[in-house]
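J.: Here is a sequence with its predicted model. Questions after.
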Amino acid sequence: MGKVLTDTEVSRYRDEGFLCPIPLFGAAEARAIRAKIEAIEAKTGDEAQNRFRIKAHLPFPWLGALICHERLLDAVEDIIGPDILCWGSSFFSKNARDPRYVSWHQDTTYYGLKPRDTLTAWVALTDANTQNGCMKMIPGSHRSGEQAVHEETFDSNNLLTRGQTIKGIDETKAVDVVLKAGEFSFHSELTYHSSPPNQSDDRRIGYSIHYIAPHVRQTLFPGATAMVCRGRDTYGHWLTEPAPREDFDPVCMAALDAAYAQYKAASQKATAA
Ligand SMILES: O=C(O)CCC(=O)C(=O)O
């Protein structure tokens, strides 16, 4: 038995490349976080997933606190060990009756991490179910350890910026990642996953947090940053991120924009290569 996960759950994660549902907090706390996100959207006039990319937590102390939530880190520790870094986080939201979707992909495509060992926790800030477009996973698809061929479609309804898509997936093998608000799932950066449009009358919002052990490094560009959430950075592959003193901290906003520019340039270069 780990701190949160049973041995069976850890084995299932290793075998299938994802795990769900794992309780984190109650619906009231999820609603409070949703309200904060929607207050930010009202202030910026844009969806949080558009304005705050790759490192959405950087300018918001309460998102840093969510990433370092003790129970979440206990579950992460059960999978990757006691030294835990977070190199990124992103919102994935679909509005009521929203045609936008996420095509079949592996996260690893533009990450540039070696080894490809990111553990993503997808925290449900609303319920996520088959009606509102929850994620679907292909069990065991991470096991090759390789990146599959992705076609870049640039479809405007695809929430993935480059519309990267693995073709020919046998969808009969897909498993729905149904979560209640306040629960989370884990998936490996190699696991094939997707999500269909939202056919419900409310938003579906998830917060995707990318954790690694410190031996994992960024290979696409120098100067990558990460937050040490627990334990120690025993390898020194990552620079320290600035910590926000308040929402929209200007130093952190600049760091966020610089990090996104770096990732964008790296993914364009990877595509051109
Ligand atoms: O939220 C979604 O629908 C997709 C999320 C995703 O692709 C991810 O967290 O890696």
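T.: On my side now, so go ahead. Numbering: from 1, shown residues only.
J.: how many neighbours does the nearest residue to residue 175 once chain neighbours are set aside have?
T.: In space, residue 175 comes closest to residue 137 once its chain neighbours are excluded; the distance is 5.3 Å by Cβ to Cβ, 6 or more residues apart in numbering. Glycine gets a C-beta too; all of them are placed from N, C-alpha and C. Residues lying near residue 137 (other Cβ atoms under 10 Å) number 24.
J.: so what's residue 137 up against?
T.: Counting by Cβ atoms under 8 Å, 6 or more residues apart in numbering, residue 137 touches 16, 17, 18, 174, 175, 177, 187, 191, 192, 193.
J.: Relative to residue 43, how far out is it?
T.: Separation of residue 137 from residue 43 (Cβ to Cβ, to the nearest Å) stands at 34 Å.
J.: May I see the buried residues of stretch 201-211?
T.: Using 16 or more other Cβ atoms under 10 Å as the test for burial, stretch 201-211 gives 203, 204, 205, 206, 207, 208, 209, 210, 211.
J.: meant to ask about stretch 96-105, not that
T.: Using 16+ other Cβ under 10 Å as the test for burial, stretch 96-105 gives 98, 100, 101, 102, 103, 104, 105.
J.: Does the host helix or strand of residue 33 reach the ligand?
T.: Assigned by DSSP states H and E, residue 33 falls within helix 27-44. No. Figure legend: helix 27-44 not in contact with the ligand (Cβ under 6 Å from any ligand atom); closest approach 13.9 Å.
J.: Show me where the stretch 101-250 of the chain has its helices.
T.: With DSSP state H, counting those that start in this stretch, the ranges of helices along the stretch 101-250 of the chain come out as 250-272.
J.: Return the residues of it in contact with the ligand.
T.: Residues of the stretch 101-250 of the chain lying near the ligand (Cβ under 6 Å from any ligand atom): 102, 107, 120, 122, 135, 193, 195, 206, 208.
J.: at 5 Å instead, please
T.: Counting by Cβ under 5 Å from any ligand atom, the residues of the stretch 101-250 of the chain lying close to the ligand are 102, 107, 122, 195, 206, 208.
J.: Which of these fall in strands?
T.: If you go by DSSP state E, those have 102, 122, 195, 206, 208 in strands.
J.: from what I can see the third one touches residue 101, true?
T.: Yes. The pair formed by residue 195 and residue 101 meets the contact definition of Cβ atoms under 8 Å, at 6.2 Å.
J.: Which neighbours do these two have in common?
T.: With Cβ under 8 Å, 6+ apart, residue 195 and residue 101 have common neighbours 94, 133.
J.: So what touches stretch 255-270?
T.: Stretch 255-270 is contacted by residues 52-56, 58-59, 109-110, 112, 161-162, 220-221, 223-225, 241-242 when judged by Cβ under 8 Å, 6+ apart.
J.: returning to what we had before: for the helix holding residue 33, packing partners?
T.: Other elements packing on helix 27-44 under the criterion 3 or more Cβ pairs under 8 Å, 6 or more residues apart in numbering; DSSP states H and E are helix 48-51, helix 61-67, strand 204-212.
J.: which stretch among these comes nearest residue 77?
T.: Comparing those against residue 77 with Cβ to Cβ, the closest turns out to be strand 204-212 (9.6 Å).
J.: How confident was the prediction at residue 271?
T.: As predicted, residue 271 sits at a pLDDT of 67.
J.: would TSV of the ones in strands among the residues of the stretch 101-250 of the chain next to the ligand with pLDDT be doable?
T.: Listed next are these as TSV, based on pLDDT from 0 to 100:
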residue	pLDDT
102	98
122	98
195	98
206	98
208	98
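J.: May I see the buried residues of stretch 113-126?
T.: Here stretch 113-126 shows 113, 116, 117, 118, 119, 120, 121, 122, 123, 124, 125, 126 as buried, counting by 16+ other Cβ under 10 Å.
J.: I meant stretch 64-73, not that one.
T.: 64, 66, 67, 68, 69, 72, 73.
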